[in-house]
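**Student:** Quick one, structure for this:
(2 chains)
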Amino acid sequence: MIFWEIAKRNIRIHLLRSSLAMLGIVIGVVAIASMGILGNSMVLSVSDSLRTVGDSVIVTPHAGGGGGGFGGGGGSSSALVITEQDYQQIKRVSAPNVAIPVLQTTDRVKLGVGKDDLVSLIYGIDPDDMPALLTLESGDYSRSSSGCLVGSTFAKDNNVKVGSRISVGTDGNKGSLRVTGIIEERGMAFDVSTDSAIVATQDWFSNAYNRNDYDKVVIKVRNLDEITSVKEAIEKQMNRRDEVVDVMDTRKVMESIFQAFGQITTFVSAIGGISMLVAGVSILNIMMMSVTERIKEIGIMRSIGAQRKEVMSMFLYEAMILGIVGSIIGGILSLLGGYAISSLMLQTTEYLFVPSSLIHIVYGMTFGIIICLICGIYPAWRAANLNPIDALRHE
Amino acid sequence: MIGAENDQPVMIFRDVVKVYPLPAGDVVALDGVSFQVDRGEFISVMGPSGSGKSTLLNLMGCLDTPTSGDIFISGTRIGDMSDSELTSLRRDRIGFIFQYFNLFPLLNIIENVTFPLMLKTGKGVDPERGREVLRAVQLDDSLFTHTPTEISGGQQQRVAVARALINNPDILLCDEPTGNLDSKTGAGIMDLMTDLNKKGTTIIMVTHDPHIAEYSRRTIRIADGRIVS
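**Tutor:** Numbers count the residues shown, from 1 in each chain, chains lettered A, B, ... in the order given. Predicted structure coming up:
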């Protein structure tokens, strides 16, 4: 269409001023997109270290309460524990999802004759439940009760391999364990943090520490939609009279963490948005100039039969071209900028080429084009509504 | 819309009054003007400045509507038309020729000439039709792809005439068509006008130059918003 052609040519003959206005849009797009990419990359890098998938409900003894329920355990009665009876109830209400009881303590361990004692976190988990909770990097799940798994950091730091022996307790009074597998890195987790820990079998743990109760119960929920109902069912069952247990839903926790990050990302992107608004003002400015310069031309067009909306479209095309070209350049620069920022601040660019990062470039470009169109509307409207007689007479 | 039959007047003004309301008091620019233009006429409108000539031109060109009275263009009353209807009427029925040629500097000659046709059809340049009309105004083929600034004033005015003719208008409306040309070039343009008129084009020409007015077959003289002869 001829008005598109005129808009294009008008930008070309005013190349310098069009480029300057476009530069504003380019900067705006880059600001929004690179802020968004940076924020998203940070979220991704944090969530990578928070490896917990949001599919668990974790039941712990109520921290504010007294003992561990009615049955009273074999362990010290003042300790916060979940009794076998409590566990059975939890297991029943959360079925068919797997409820994994977990024991935990810290104790001295020794990794061979002549080595120094270490203090380590020790978990006790039923070998049948281990595959559901833990993924191995090497070796095998423990079959015999004296077998154990160790976390990857523990293994690396202490040079522990499959087959190594660990004696537990002061002078090995709790017995000796043989390492059967190394657990893959899990990062910080809400259920069990095994990276620097030893995972023994439940049988061995109960014998060694004389326990027949548990420290927490982890329920792996198969269908994520059920996570809230499982949580509610446990709370209803266990806390009917007193607060016996605390129930945490990992998805909720993850959600609130990501929500906080999302807010930060939005905030920094909004700062980028301000630069886009400034760019919009400069687009408005040159569009007004373009209209003022061409009043006579508009008058001629109108007098020989151009409709108002056609005149309007000519100026909107002009604003749109500035917006689209500026946004495309901005989009390309954002990729480069995002690459630079990621590699400088996060020392990695693996979070750049993922959809959730790249979408910020799309946001920036869309915002750029929309801003240009909005800022083109008023000048275009002015042009379209000029009185043809006055416009024709304009010198 | 009534069809443009050959014996129907292309333009009728009946008791047309145009008043401009101004804070200092209303200005009556036209005060009861009536005349009729038949198909194939060549009319010049003359009058001193301030006589209402420009107002009359704006009304004839459907750029404005009268305060009272009726104007018919090819049988269509323009008094109650919307802006969009008036615009379409200008595009399809009236060809404008201005004193300062008023070509679009961003477009080349062919694009300038076919501009009103593109407005009408909504399509791109029709170079065939453009060339045809440009040849009718005796413009050399080698100039067709130039821009307006690259050709002379007389050539520009020929392009403007071609642009005015492209939609086969009922009326060619000229505002001082030779006012910005030397007398020889102006005479060339007037010969072209006479030629077009002989081929059937209705021409109304506003001028203050009596020599130019001599080319027309009838003259309407206007003073103080009234037709005096």
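
**Student:** switch to C-alpha atoms for all contacts and neighbour counts from now on
**Tutor:** Noted.

**Student:** Pick out the residue nearest the middle of the chain.
**Tutor:** Because you didn't say which chain, this covers chain A. Nearest residue to the geometric centre of chain A (CA atoms, centre = their mean): A:Val43, 4.3 Å.

**Student:** right idea, wrong chain: chain B
**Tutor:** By CA atoms, centre = their mean, chain B has its centre lying nearest to B:Leu173, at 1.5 Å.

**Student:** does that residue really touch B:Thr207, like I thought?
**Tutor:** No - using CA atoms under 8 Å, B:Leu173 is not in contact with B:Thr207, being 11.2 Å away.

**Student:** What's the local residue count around whichever residue of chain B sits closest to chain A?
**Tutor:** At 4.0 Å from chain A, B:Arg91 is the closest residue in chain B, using CA to the nearest CA. Neighbourhood size, B:Arg91 [other CA atoms under 10 Å in any protein chain shown]: 27.

**Student:** same thing with A:Ser94?
**Tutor:** Neighbours of A:Ser94 under the rule other CA under 10 Å: 23.

**Student:** tell me the contacts of it?
**Tutor:** A:Ser94 is in contact with A:219, A:230, A:233-234, counting by CA atoms under 8 Å, 6 or more residues apart in numbering or on different chains.

**Student:** rerun that using 7 Å as the cut-off
**Tutor:** By CA atoms under 7 Å, 6 or more residues apart in numbering or on different chains, A:Ser94 lies in contact with A:Val230.

**Student:** Now do the phi/psi pair for it.
**Tutor:** Dihedral pair for A:Ser94: phi -90, psi 0, per degrees, to the nearest 10.

**Student:** what residues does the stretch 151-300 of chain A put near chain B?
**Tutor:** Residues of the stretch 151-300 of chain A lying close to chain B (CA under 7 Å from any CA of the partner chain) are A:297, A:300.

**Student:** Okay, strands next: where are they in the stretch 151-300 of chain A?
**Tutor:** Assigned by DSSP state E, counting those that start in this stretch, the strands in the stretch 151-300 of chain A fall at A:165-168, A:175-183, A:197-201, A:216-220, A:245-249.

**Student:** ok, now chain B?
**Tutor:** Under the criterion DSSP state E, chain B carries strands at the ranges B:11-20, B:27-37, B:42-46, B:68-73, B:76-77, B:94-97, B:171-175, B:202-206, B:218-223, B:226-227.

**Student:** Compile the ones you listed into a markdown table and extend it with columns for mean pLDDT.
**Tutor:** Conversion of those to a markdown table gives the following (pLDDT from 0 to 100):
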| stretch | mean pLDDT |
| --- | --- |
| strand B:11-20 | 94 |
| strand B:27-37 | 92 |
| strand B:42-46 | 94 |
| strand B:68-73 | 93 |
| strand B:76-77 | 90 |
| strand B:94-97 | 93 |
| strand B:171-175 | 93 |
| strand B:202-206 | 94 |
| strand B:218-223 | 93 |
| strand B:226-227 | 91 |
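
**Student:** Redo these as JSON lines? Include distance to A:Gly364.
**Tutor:** Below are the strands of chain B laid out as JSON lines (distance: least, CA to CA, whole Å):
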{"stretch": "strand B:11-20", "distance to A:Gly364": "51"}
{"stretch": "strand B:27-37", "distance to A:Gly364": "55"}
{"stretch": "strand B:42-46", "distance to A:Gly364": "59"}
{"stretch": "strand B:68-73", "distance to A:Gly364": "53"}
{"stretch": "strand B:76-77", "distance to A:Gly364": "52"}
{"stretch": "strand B:94-97", "distance to A:Gly364": "46"}
{"stretch": "strand B:171-175", "distance to A:Gly364": "51"}
{"stretch": "strand B:202-206", "distance to A:Gly364": "56"}
{"stretch": "strand B:218-223", "distance to A:Gly364": "62"}
{"stretch": "strand B:226-227", "distance to A:Gly364": "63"}
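
**Student:** re the thing from before, pull the contacting residues for the residue nearest to the centre of chain B.
**Tutor:** Residues in contact with B:Leu173, defined by CA under 7 Å, 6+ apart, are B:94-97, B:203-205.

**Student:** for chain B, what's the longest helix?
**Tutor:** Assignment by DSSP state H gives helix B:183-198 as the longest helix of chain B.

**Student:** Now do that helix and strand B:171-175, the angle between them.
**Tutor:** On the basis of axes from the mean of the first three to the mean of the last three CA atoms, to 10 degrees, helix B:183-198 is oriented at 160 degrees to strand B:171-175.

**Student:** List the buried residues for helix B:183-198?
**Tutor:** Buried positions in helix B:183-198, judged by neighbour count with 16 or more other CA atoms under 10 Å in any protein chain shown: B:185-187, B:189-190, B:192-194, B:196-197.

**Student:** so which two of the residues you listed are the farthest from each other?
**Tutor:** The span of those, defined through CA to CA, is set by B:Thr185 and B:Asn197 at 18.5 Å.

**Student:** residues from chain B in reach of chain A?
**Tutor:** Applying CA under 7 Å from any CA, one finds that chain B approaches chain A through B:63, B:84, B:87-88, B:90-91, B:96, B:102, B:104, B:106, B:116, B:119, B:123-124.

**Student:** Buried ones among those?
**Tutor:** When those are checked for burial by 16+ other CA under 10 Å, the buried set is B:63, B:87-88, B:90-91, B:96, B:102, B:104, B:106, B:116, B:119.

**Student:** Widest-spaced pair of these?
**Tutor:** Between any two of these, the greatest separation by CA to CA is 24.3 Å, found for B:Leu63 and B:Leu106.

**Student:** Count the residues that sit near the residue of chain A found nearest chain B.
**Tutor:** Chain B sits closest to A:Gly305 of chain A, with a gap of 4.0 Å, by CA to the nearest CA. The local packing of A:Gly305 (other CA under 10 Å) involves 27 other residues.

**Student:** same check, this time on B:Thr76
**Tutor:** So B:Thr76, with other CA under 10 Å, has 18 neighbours.

**Student:** And B:Ser49, by the same measure?
**Tutor:** B:Ser49 has 12 neighbouring residues, counting by other CA under 10 Å.

**Student:** follow-up on the earlier one: let me have the strands of the stretch 151-300 of chain A in CSV, extended by mean pLDDT, mean neighbour count and distance to A:Asn159.
**Tutor:** Shown next, in CSV, are the strands of the stretch 151-300 of chain A (pLDDT from 0 to 100; neighbours: other CA atoms under 10 Å in any protein chain shown; distance: least, CA to CA, whole Å):
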stretch, mean pLDDT, mean neighbour count, distance to A:Asn159
strand A:165-168, 87, 20, 12
strand A:175-183, 88, 23, 11
strand A:197-201, 90, 27, 14
strand A:216-220, 87, 23, 30
strand A:245-249, 83, 20, 35
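
**Student:** any chance of those in TSV, with distance to A:Tyr363 too?
**Tutor:** Listed next are these as TSV, based on distance: least, CA to CA, whole Å:
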stretch	distance to A:Tyr363
strand A:165-168	55
strand A:175-183	40
strand A:197-201	44
strand A:216-220	37
strand A:245-249	32
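
**Student:** The strand or helix carrying A:Ala340 - contacts with which helices or strands?
**Tutor:** In this structure, A:Ala340 is located in helix A:308-341 according to DSSP states H and E. Counting contacts by 3 or more CA pairs under 7 Å, 6 or more residues apart in numbering or on different chains; DSSP states H and E, helix A:308-341 packs against helix A:2-13, helix A:15-49, helix A:355-384.

**Student:** and the longest one with helix A:355-384, angle?
**Tutor:** Going by the same axes, to 10 degrees, helix A:15-49 is angled at 150 degrees with respect to helix A:355-384.

**Student:** do helix A:15-49 and chain B meet?
**Tutor:** No - between helix A:15-49 and chain B, judged by CA under 7 Å from any CA, nothing touches; the nearest distance is 13.9 Å.
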